[in-house]
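Chemist: need coordinates for the below:
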Amino acid sequence: MTVQDIRSFNRFYTNLIGALDYGRHLYAPYTLTESRVLYELAHSAHTDVADLRTQLHLDAGYLTRILNKFEEQGLVERGPSERDPRRRRIRLTPRGRETAELLDERARQTVGALLAGVAPEDRPRLAEGLRTVRTLLSGGHAPRPEDAVLRAPAPGDLGWIVQRNAALYAAEYGWNAEYEALVARIVADFAEEHDPLLERVWIAELDGRAVGCVMCVRDEAPGAARLRLLLVEPDARGLGVGDRLVAAVVAFAREAGYREVVLWTNDVLAAARRIYQRHGFTLVAEKPHRSFGKDLVGQDWRLDLRAASE
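Modeler: Predicted structure coming up:
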C-alpha cells in the first residue's frame, strides 16, 4: 500500500460521487456542510451547540453563521441547554425536520442507485470491505457513542425489528415464538396504518448496520403515547444507544402534543428499566403473568410530560 494507492482511490470515489450528482442535486440549495449539520440535528434528540461543533469538527464562527442562516429560514430554534444553562441547545423546527428528511431521502435514492449496479451476491463483500477500510483507517478504535446515529426505518428494517426481537429475547431470556408473534403484530399494525405526525419508528445505526430500535405509537388512552419495542444489540450496549432511543421518543411525544408516555415491560428487563427511570418514568402497576413460555411480572410505567416540562 502506497500513498499513491490511496490518492488513486480518492480520485475514483470523488468522480463516482460527482457522477451521482451530489453537488448539483443531493444537497441543493444547501452546502455539504450545511446538510451535515441538518443531518446531525435530525438524528439527535438533544443537541448543544458545543456538542455539535465537536461532532462535526467545525470552527465556532462558521457553525454560528450556519445556525444563524437556519434560524432566519425557520429551520432551527435555539434556547438554554437543559443540561447546563451556560450552554445553548439547538433543535430542528417542524420545517427543519421536513427539510432534513427531504435531504435524507435524496441521499437514500442516490446511494440506492449506486447499489443497484452491484450484484446482490457481491453486496456482503462490499459491506465488509467498507467496514475494513473504516476499522483500519480509524486505528481499530472501538466504536464511540457519537458513531451511532438514529434514523427513520428503511425498506427491510421493520422485518429486522421482528427478527432481532425474536432472536435476542429467545437467546437472553428463553422466550418462545409467542413473543415473535406479538412483535410481528405490533410492527404489521404500524406498517399498515400509522399517522406520521403522531407515530414514529427509530433505527439506531452503527457502522452501516442496524443495532437498535424503538417505536412511539398512539395509546388507547386519550393524550397518551406508547413506547414499544426498545432493543439494543449486545455489541452496541454501553454506547448510550438505549438512552438516545428513549430520549427520541420522549422529545417526539412532547413535540407532537402528547400529555404522557406509557409503556409495558417485564421485571426481568433490568437494563431497560434503568433507562426508563433515568428519563423520569415511574412504575404505576405490576402484575404476574404467564407469557412467552415463562412466568413473568409485567410492569406499567408512565412519564407525565406536563410535569416533566415544568
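Chemist: what about Gly242, which helix or strand?
Modeler: Remark: Gly242 resides in helix 241-255, with elements defined by DSSP states H and E.
Chemist: rounded mean pLDDT for that helix, please.
Modeler: Regarding helix 241-255, the rounded mean pLDDT is 93.
Chemist: start at 21 instead
Modeler: With 21 as the first residue, the last one maps to helix 261-275.
Chemist: and that helix, how far out from the chain's middle?
Modeler: Computed by CA atoms, centre = their mean, to the nearest Å, the chain-centroid distance of helix 261-275 equals 9 Å.
Chemist: what does it rub up against?
Modeler: Helix 261-275 has contacts (CB atoms under 8 Å, 6 or more residues apart in numbering) with 64-66, 114, 165, 168, 170, 220, 222, 224, 226, 231-234, 236, 245, 247, 250, 252, 281, 291-292, 295-296, 298-299, 323, 325, 328-329. C-betas here are computed from N, CA, C, even on glycine.
Chemist: packing partners for the very next helix or strand once past that helix?
Modeler: Scanning forward in sequence from helix 261-275 by DSSP H and E, the next helix or strand is strand 280-286. Other elements packing on strand 280-286 under the criterion 3 or more CB pairs under 8 Å, 6 or more residues apart in numbering; DSSP states H and E are strand 244-252, helix 261-275, helix 290-298, strand 314-324, helix 325-329.
Chemist: low-confidence ranges, the stretch 71-220 of the chain, go.
Modeler: Flagging of the stretch 71-220 of the chain using pLDDT under 70 yields the residue ranges 101-105, 159-162.
Chemist: mind listing what the residue nearest in space to the middle of the chain touches?
Modeler: Nearest residue to the geometric centre of the chain (CA atoms, centre = their mean): Leu170, 1.7 Å. Residues in contact with Leu170 (CB under 8 Å, 6+ apart) are 63-65, 222-225, 264-265, 268.
Chemist: show me the residues you listed that map onto helices.
Modeler: Applying DSSP state H to these, the entries found in helices are 264-265, 268.
Chemist: which one (most neighbours) among those residues?
Modeler: In terms of neighbours by other CB atoms under 10 Å, the ones in helices among the contacts of Leu170 top out with Leu265 at 26 neighbours.
Chemist: how much space between that one and Met235?
Modeler: 10 Å (CB to CB, to the nearest Å).
Chemist: and if you look at Leu76?
Modeler: From Leu76 to Met235 the distance is 29 Å (CB to CB).
Chemist: same check, this time on Arg106
Modeler: Relative to Met235, Arg106 is positioned 35 Å away (CB to CB).
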